[in-house]
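Visitor: Got a predicted structure plus its sequence, pasted below:
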Amino acid sequence: LAAAAFASAVLVSCGGNILRVDSTGGLLAAREQVRAALAAGLPAPEVVLEDGVYALREPLEFGPGDGGTQESPVVYRARHRGRALITMGTPVPESVLHPVTDSAFASRFKPDALPAIRAFELKSVGIDTTFAQLEDYYYSTPSAPWLFSGGRMAVLARWPDRGFATFTDVPSSTNQLPSNADMPYRRDNVKAAFIWRDSCRVMANATEGIWACGYFYADWFDENIRVESYDAEQGVVQLATGARFGIGPGAWALPYRRFYLHNSPAELDSPGEWYLDRRGGTMYLYPEAEGCELVLTWHNAPIMKLSGTSGIRFEGLRFEYSMSDAIVAEDVRDVEFRSCSISNACGNGVVARGGGILVSDCEIHDIGLSGINMKGGDRPALIPSGNVVEGCEIYRVSQMRRCYQPGLSVSGVGNTVRGCHIHDSPHMAIHVSGNENRILENDIHDMLYETTDAGAIYSGRDWTFYGNSYRGNYIHDIPLIDSSFV
């Protein structure tokens, strides 16, 4: 997202005529040219994006009047694959970074980490917004903003830096585990607490806004809860709300519970970590390396949104940096994504609803929720959707919500997933619901590395899910999180 990269242009070819649109509002202007051509009955245009960055502050939206037909679609393509970037990110230039100058705030950092920490004011990158504190309880995408470093999600300052701490005990005076009558929504009834006697600097400031992210009941459900207090003498960590399923080893769970603590300036001590003073509007970070690209996402909206659109193709484009989903396509028909790169979205990579949707030869990675979430077809009538995902590589998904956000989720009737490479994510690779879906010849590995009671390909719990076929899939190198647990 370097400033020089914004020198971009768009070419619109229609019926042999080529129109040049400059980079200022180029994509929006090109879309208007396409609409005018279609309204005039001209052939479906092709839009060619030159190399560069196309920065948005609102989603790029397409409606019913923006497409052609299945045989003659409108095409938006990059002149060179992967070198036309459409983004909702805000670049953070190295020139705005400075050492920590607030002496009161500096005292909250570790003395040996302080010399490496850099700060910048959000206003210095054009963000004049006060961001709300994280919610007391959340289990999906957190409140904006989020920082990306070196083309990947940066880490909200945490302890331990990697992996988890563990506990086994909860206060005896509190009934932490739900009864069958309470299941599965215990969260509003009893505040969760657990016993943990390890000392670390982060707990000395437990009331200043620290969150515990953990598998508090089962190893298939992660959640984030604010730490309300810490009793060092008794070793009791009191959380601000209950855990959804209670707290303590649950069904099909390891004998200990896992958690880490985050949103703590006291733990801003490793390259790639960050912390935001939400009241003061200053962000602090531990840079990974000199010149490492930094980008902020803060708009709670997708990069691109299609609604009721048909007959449109996107080819060779990069969609990157969103606080929400990257692409949302609702009630669409004959929409194609070919050879695109979709990454660094805090929500889903692609959410697609409709029929005749094709996602082919795309790379989807570093996604907060699911890589692709696709639904189509009519289950009561068993009418197939004709949706296809083929030849895609999907990895490092489920980075914000660690469970039940697969690399690829298909639901409905007649969806096909074939020849995809899905790897390196904490939970399942493919989730299937509905009928007559086909999961064919996919390469799946290094999944489920943080969870239990799940499958690389996961379906079931509904006897009407018949007619699905699974053939030729290569599932290998699936780790166990604990060798004692089978």
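Guide: Received the coordinates, thanks.

Visitor: Identify the residue nearest I195 in space, chain neighbours excluded?
Guide: D169 (4.2 Å; C-beta to C-beta, 6 or more residues apart in numbering). Where you see a C-beta, it was placed from the backbone N, CA and C, and this is true even at glycine.

Visitor: Could you measure from the one you found over to A253?
Guide: Distance of D169 to A253, given as C-beta to C-beta, to the nearest Å: 15 Å.

Visitor: same check, this time on H423
Guide: The spacing between H423 and A253, counted by C-beta to C-beta, is 25 Å.

Visitor: any weak-confidence spans in the stretch 201-350 of the chain?
Guide: Along the stretch 201-350 of the chain, the parts satisfying pLDDT under 70 run over 201, 204, 251-252.

Visitor: Strands of that one, start to end?
Guide: 211-215, 223-231, 236-239, 257-262, 273-277, 282-285, 294-297, 304-307, 310-315, 318-322, 327-338, 341-345, 350-355 (DSSP state E, counting those that start in this stretch).

Visitor: Out of the ones you listed, flag the one nearest V125.
Guide: Taking C-beta to C-beta, strand 294-297 is the member of these nearest to V125, at 6.7 Å.

Visitor: What lies in contact with that closest one?
Guide: With contact meaning C-beta atoms under 8 Å, 6 or more residues apart in numbering, strand 294-297 is reached by 1, 87-92, 94, 122, 125, 127, 144-149, 283, 285, 287, 321-323, 344, 346.

Visitor: Could you identify the buried members of these?
Guide: Neighbour-count burial within the contacts of strand 294-297 applies to 1, 87-92, 122, 125, 127, 144-149, 283, 285, 287, 321-323, 344, 346; the criterion is 16 or more other C-beta atoms under 10 Å.

Visitor: Please name the residues that touch P64.
Guide: With contacts defined as C-beta under 8 Å, 6+ apart, P64 is in contact with 307-310.

Visitor: try 10 Å
Guide: When contacts are counted by C-beta atoms under 10 Å, 6 or more residues apart in numbering, P64 touches 306-310, 331-332.

Visitor: Farthest pair within those?
Guide: It's S307 and S310 that sit farthest apart of the contacts of P64, by C-beta to C-beta, at 11.0 Å.

Visitor: Now do the same contact list for the closest residue to L38 other than its chain neighbours.
Guide: Spatial nearest neighbour of L38, chain neighbours left out: G65 (6.5 Å); criterion: C-beta to C-beta, 6+ apart. Each residue near G65 by C-beta under 10 Å, 6+ apart is listed here: 34-35, 38-39, 308-309.

Visitor: Is N435 in contact with T464, as I believe?
Guide: Yes - counting by C-beta atoms under 10 Å, T464 is a contact partner of N435 at 7.4 Å.

Visitor: And the pLDDT for the residue nearest to I195?
Guide: As predicted, D169 sits at a pLDDT of 89.

Visitor: what about it, how many neighbours?
Guide: 15 (other C-beta atoms under 10 Å).

Visitor: And the residue nearest the centre of the protein?
Guide: G368 (1.7 Å; C-alpha atoms, centre = their mean).

Visitor: I'd assumed S425 was in contact with it.
Guide: No - if you go by C-beta under 10 Å, G368 and S425 don't touch, sitting 11.4 Å apart.

Visitor: what do those two both touch?
Guide: 397-399, 405.

Visitor: For the buried ones among the residues you listed, write the corresponding ChimeraX selection.
Guide: In ChimeraX, this line selects whichever of the shared contacts of G368 and S425 come out buried by 16+ other C-beta under 10 Å:
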select :397,398,399,405
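
Visitor: Now pLDDT too, for the shared contacts of G368 and S425, in CSV please.
Guide: Formatted as CSV, those follow (pLDDT from 0 to 100):
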residue, pLDDT
V397, 98
S398, 97
Q399, 97
Q405, 97
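
Visitor: which one of the shared contacts of G368 and S425 is nearest E71?
Guide: Distance ranking of these against E71, using C-beta to C-beta, places V397 first at 33.8 Å.

Visitor: distance of F62 from V47?
Guide: From F62 across to V47, the span is 12 Å (C-beta to C-beta).

Visitor: With Y275 instead?
Guide: Y275 is 41 Å from V47, by C-beta to C-beta.

Visitor: Comparing the two, which shows the higher neighbour count?
Guide: Higher neighbour count among Y275 and V47: Y275, with 27 against 22, using other C-beta under 10 Å.

Visitor: List the beta-bridge partners for the more buried one.
Guide: Beta bridges link Y275 to Y284, judged by DSSP bridges.
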